[in-house]
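# following is a predicted model, sequence given first.
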Amino acid sequence: MPDPANGEAVESTKRRRLLGLLGGGAAVSLAGCSDQEPSDGSDGEDGEDGMDGEDGEDGMDGEDGEDQGPTNADKAQAAWERAVDNPLPEDEELRQEAYIEMEEAARDDAVLIPLYHGLTELFWYDYVDVPLTGALGKHWQQLNTTTVEGKSDLNLINSTFDELDPIMSTDTASSIVITQIYENLTAFPNGVPEIENQLLEEFEVSEDGTTWTFTLRDDVQFHDGTEMTAQDVKYSWRRTVESENSERAGFTLNQPVGLGIDAETDDDGNVVPDSLAVEVIDDYTIEIQLTGPNPDVLDVIAYSSFSVIPEGYVGDIEGYDGEVTHQEFSTEVANGTGPFELDVFNVDEDVTVVRNDDYYGEVASVDAVNWEIIEDSQAAWTYALEQNADRFEMPTFAYEADAIDAEADDRGRDVGTYGPAGELEEEVNYLGLSEISTFYFAFNAANTDRAVRQAIAYVMNKEQIVEEVFAGRGTPAYSFLPPAIWPTGNDGYNDFLDDYPYSRGESDPQGAQSVLEEAGISSDNPVDITLTTYESEVFQTAGELIRDLISGTGINMSLETSQFSVLQGRGEDGDLEMYSLGWIWSWPAVPYGMFQLEPLNTRTSTMPNDTNGFYLDWQTALNEEAE
């Protein structure tokens, strides 16, 4: 899978590809990321008891589905299909209800237990004036409006990456730089989840929602001085599906986790050159034809893979020889419309961009932005303490929560100051905000008993884990969808919280024992389960805490760690029981995330080609499997 900030969005099933339907209730590596490895904050940069059982006794669905109506998996599958079958704007309320039903089904079956939503905390010295970032993250932020008193440059820290081609970017580290150089038709300025035009002047949508016509700004130049036109947009979007270098074809071709632009494919499934349904009407007008209506188009095209570069600049699609080689384009040269131009990129060392004096928007206040590439958390912290970095993140080992003095603004962001504290001898500015991300523990339903999953949900005190293990650097999560994009808003989210069945805010061993005893599981008749976590100290510690809390109930939990890539491979092979992973939304649309909970899309035996949901094998809980 992609990095922690971007999710690889490929079509969920062959059936979905054929239908080309969308489920669109609009409400983040960076683009969303399935199965994401989290940060621990140190790298410088988740029915009587209220359940829905129909027999009215224990509120649970029968494991075999006999005599108790539809299972939770059935309910989730039906809800997803209802959403994708009703994609028009007037169907938004129906889609919202369907997504909440999927959340309820996943909660009641305990196939996925959300742990926390990521908390971004940024610190910057008082001589820096930088706009506050929003829930989508700082990698969406252009830095042309940032000022640095007494300095001509803005100095920052970044993580390792090795390319600057927008169609290859699957990580926040490269996206941070790409956002300064390249631009899109739309944007989420400063990562605030409110879409705005960027290179776009206006748009029109056909009555059936499948034809979108975009009118471009007529005052935009590339860094080489040439004018940006519709031909450049078409070429740039063709590269997303025709270039062998593209990592984001799914974002262009698929629905509901992409645009769904129509295209022809050959016998091998490759897009036929110049068949993508993008038509140049005139120099400033372009039209796209979708396979089905998609209310999230403006959100999707804000993602970095849809950045615009000059027509023919790279010769990696048919019909173009290219002005530069792809290798040069990846690391040595760049030619966008953004407020900064690439100066130098030394892989694993540093990156510098310089001001674009001919920028059509607000010309940057600083001459340049420099990023030092530092992976070691102690080295990054030392670099920041010496004021070599003007804005920075703080490793957990140096963090003191009581040093924060902040208040919530109208977007729910904590804004204020931090320090002096520890090695930091002066007060700095502080921003804390809940990301559109979720880190979680999940189960392969085919390998685990539902009563076991629910018992673990009962004993898991998320507040305790976030506070004691993650130093409070996260927001306890009770739903997969973060509150910022909850389909029915804050009131609806609070209603969902009120119905949480697993003793919210506390550990409930008695509740766990009750559900286990009903399933015939006890200390005398125990079951074994293995929790596989990242090679991450904090997640290992969280696993130890859960193991200790569940001890004595009839569940014997073993712990093991795995490299991120190995864990993903085992997940696709169906070789996990309980595991830790996470997801960051690429754009703030509900379907980009919920598609991974569609039971039929969680079938591991057909991953990664025909299915690409979470490693749940939840389809095994369906009464009748649909093919």
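Good, I have the coordinates. Residues are numbered from 1 along each chain as shown.
# so what's the closest residue to L199 other than its chain neighbours scoring on pLDDT?
Using Cβ to Cβ, 6 or more residues apart in numbering and skipping the chain neighbours, the partner closest in space to L199 is L185 (5.0 Å). Placement of C-beta: from N, CA and C, glycine included. pLDDT recorded at L185 is 98.
# can you check V84 too?
At V84, the model reports a pLDDT of 88.
# ok, now V257?
At V257, the pLDDT value in this model is 81.
# show me the longest helix that occurs in this protein.
As assigned by DSSP state H, the longest helix anywhere in the chain is helix 92-109.
# toward the C-terminus, what is the element adjacent to that one?
Following helix 92-109 in sequence order, the next helix or strand is strand 112-124 (DSSP states H and E).
# who does that following strand touch, helix- and strand-wise?
Contacts defined by 3 or more Cβ pairs under 8 Å, 6 or more residues apart in numbering; DSSP states H and E place strand 112-124 against strand 391-392, strand 428-434, strand 437-443, helix 450-459, helix 462-468, strand 474-476, strand 578-585.
# partner strands of it, parallel or antiparallel?
Looking at strand 112-124 with DSSP bridges, its partner strands are strand 391-392 (antiparallel), strand 428-434 (antiparallel), strand 437-443 (antiparallel), strand 474-476 (antiparallel).
# looking at those, which is nearest to E560?
With Cβ to Cβ, the closest approach to E560 among the strands paired with strand 112-124 belongs to strand 437-443: 13.9 Å.
# and the strand or helix carrying L516, what does it pack onto?
Using DSSP H and E, L516 sits in helix 509-518. If you count contacts as 3+ Cβ pairs under 8 Å, 6+ apart, helix 509-518 packs onto helix 450-459.
# and the contacts of the helix it packs on?
Outside of helix 450-459, the residues within contact range by Cβ atoms under 8 Å, 6 or more residues apart in numbering are 60-61, 63, 109-111, 113, 441, 443, 502-503, 507-509, 511-513, 515-516, 518-519, 521, 527, 529, 546, 549-550, 553-555, 578, 621.
# what helix or strand does the residue located most distally from the centre of the chain sit in?
Distance from the C-alpha centroid of the chain peaks at D524, with 42.7 Å (Cα atoms, centre = their mean). Using DSSP H and E, D524 sits in no helix or strand.
# quick one, grab the pLDDT at it.
Listed pLDDT for D524 reads 94.
# for the stretch 251-400 of the chain, which segments count as strands?
Along the stretch 251-400 of the chain, the stretches classed as strands by DSSP state E, counting those that start in this stretch are 278-282, 285-289, 340-346, 350-355, 368-373, 391-392.
# and those, which is most packed in?
strand 391-392 (a mean of 22; mean count of other Cβ atoms under 10 Å).
# just so I know, which of the strands of the stretch 251-400 of the chain lies nearest E311?
Closest approach to E311 among those is made by strand 278-282 (10.1 Å; Cβ to Cβ).
# quick one: residues contacting D405.
416-418, 430.
# also E341?
181, 223, 334, 353-356.
# now the residues you listed as CSV including pLDDT and distance to T71?
Formatted as CSV, the contacts of E341 follow (pLDDT from 0 to 100; distance: Cβ to Cβ, whole Å):
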residue, pLDDT, distance to T71
I181, 98, 50
H223, 98, 56
A334, 97, 52
V353, 98, 53
V354, 98, 59
R355, 98, 59
N356, 98, 57
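# so can I have a markdown table of the residues you listed showing distance to L600?
As requested, these are arranged in a markdown table below (distance: Cβ to Cβ, whole Å):
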| residue | distance to L600 |
| --- | --- |
| I181 | 40 |
| H223 | 46 |
| A334 | 42 |
| V353 | 45 |
| V354 | 50 |
| R355 | 51 |
| N356 | 48 |
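# of those residues, closest to P295?
Nearest to P295 among these, counting by Cβ to Cβ, is I181 at 29.7 Å.
# wait, that closest one touches D343, no?
No. Using Cβ atoms under 8 Å, I181 is not in contact with D343, being 10.4 Å away.
# overlap in contacts, the two.
Joint contacts of I181 and D343 (Cβ under 8 Å, 6+ apart) are V353.
# how far away is L342 from D153?
Separation of L342 from D153 (Cβ to Cβ, to the nearest Å) stands at 15 Å.
# which strand residues bridge T186?
Under the criterion used (DSSP bridges), T186 bridges to N197.
# give the burial count for E425, as a bare number.
The tally of other residues near E425 (other Cβ atoms under 10 Å) stands at 9.
# just list the residues touching it, thanks.
Neighbours of E425 in contact, by Cβ under 8 Å, 6+ apart: G419.
# roughly how far apart are it and E386?
Distance of E425 to E386, computed by Cβ to Cβ: 11 Å.
# in stretch 94-112, what's buried?
Across stretch 94-112, burial judged by 16 or more other Cβ atoms under 10 Å covers 95-112.
# before we move on, what about stretch 401-412?
For stretch 401-412, the neighbour count (16+ other Cβ under 10 Å) marks 403-404, 406 as buried.
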